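> Sequence unavailable; structure follows:
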C-alpha cells in the first residue's frame, strides 16, 4: 500500500460512498464474488480482513478476485495468518501443509490453468498486504488489536518477514502456549478491553459467533470489537458489514 492511511481515507471519501468490510474468505470464491459485486453496485470500497485461502472449494479464484480488486483500486485485503503461511510455502520455506488447509490451496493452484502465474502473483501481492489499517475511528486487523496500532502504521513488508513486533498480534491475536482439544491454540481476548472509547476494531481469524452473525464485544472503556469470521469455507458463510461515511 503506497498511500498513507490519511491519504487513502481522503481518496476513499472522494471516490466511494463508504466501506464494505468482508470477513475471512477461506476459498469461498462464490460468496466473495457476490460481496464484491454488491460493493461495486453501491460504490463501496472493499476491505477484506485476510485469510483469502485454505479449506474452501476455490482458493485460486478467491486470489484472482482479490488481486483484481486491488489492481482496479476498488479494495484491498489485509494480511492474515493463512496468507502469510501461503506466501512462505510459495517462496520455498518448509511449512506444514495442513491437508484441510494449505494442502488444499496448493493443490488447487497446481490444478489451475494459470497456476504458475497465480503463484507468482500471490508472492508479490501478499508481500504488500498491510497487517493492520486505521481509517479514522475504525481499525481493521485480521487477528487481534494492540493500542499502538492506533498510532503506528503497519510495517510495509509485514508479508515478507517473520512476524515480529505488533505483527504476531495482528496475525494470530493473543494466544497462550497451550493447545485446545480441537488442536487450535488457546486464545485470549483481553485485548478487547484495551480498545478506547470511540474506536471500533473490525477483525476476523476466529469464529466467535454462535448465531451465524458477526460477534460484537464491548470493551471496558467503551470501544468495540466486531468479529466477522462466520465460517466461510469451513461449513459456515461469508459475512460483511457496510460502513457509510
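Good, I have the coordinates. Note that this is a predicted model, so its numbers are computed, not measured.
> list the helices and strands the strand or helix carrying residue 60 packs on?
Take DSSP states H and E as the rule and residue 60 turns out to sit in helix 59-71. Packing partners of helix 59-71 (3 or more CB pairs under 8 Å, 6 or more residues apart in numbering; DSSP states H and E): helix 29-41, strand 44-48, strand 75-77, helix 102-111, helix 115-127. Bear in mind the C-beta positions are built from the backbone N, C-alpha and C, glycine included.
> What lies in contact with it?
With CB atoms under 8 Å, 6 or more residues apart in numbering as the test, helix 59-71 has contacts from 25-29, 32-33, 36, 46, 48, 52-53, 56, 75-77, 104-105, 108-109, 111-112, 114-115, 118, 121-122, 125.
> Quick one: work out the angle between that helix and helix 102-111.
80 degrees (axes from the mean of the first three to the mean of the last three CA atoms, to 10 degrees).
> re the thing from before, out of the helices and strands packed on helix 59-71, flag the one nearest residue 9.
Closest to residue 9 of the helices and strands packed on helix 59-71, according to CB to CB: strand 44-48, at 10.1 Å.
> List the strands paired with the closest one, with their directions.
Applying DSSP bridges, strand 44-48 is found paired with strand 18-22 (parallel), strand 75-77 (parallel).
> closest one to residue 141 among those?
Residue 141 lies closest to strand 18-22 among the strands paired with strand 44-48, at 11.3 Å (CB to CB).
> So which residue is smack in the middle of this structure?
Ranked by distance to the mean C-alpha position of the chain (CA atoms, centre = their mean), the top residue is residue 50 at 1.6 Å.
> Contacts for stretch 228-242, please.
With contacts defined as CB under 8 Å, 6+ apart, stretch 228-242 is touched by 18-28, 31-32, 35, 42, 44, 49, 51, 54-57, 202-209, 212-214, 226.
> Could you check how far that stretch is from the centre of its chain?
Put simply, stretch 228-242 sits 12 Å off its chain's centre (CA atoms, centre = their mean, to the nearest Å).
> quick one: average confidence on that stretch?
Stretch 228-242 comes out with an average pLDDT of 95.
> Could you number the chain from 20 rather than 1 from now on?
That works, and once the first residue is 20, the last one we named lands at stretch 247-261.
> before we move on, the earlier item: can you say which of the contacts of stretch 247-261 are buried?
Applying 16 or more other CB atoms under 10 Å to the contacts of stretch 247-261, the neighbour count classes 37-47, 50-51, 54, 63, 68, 70, 73-75, 221-228, 233, 245 as buried.
> looking at this structure, which residue lies furthest from center?
Distance from the C-alpha centroid of the chain, by CA atoms, centre = their mean, peaks at residue 132 (26.0 Å).
> just to confirm, which helix or strand has it in it?
Residue 132 belongs to no helix or strand, assigned by DSSP H and E.
> tell me the contacts of it?
Residues counted as contacts of residue 132 (CB under 8 Å, 6+ apart): none.
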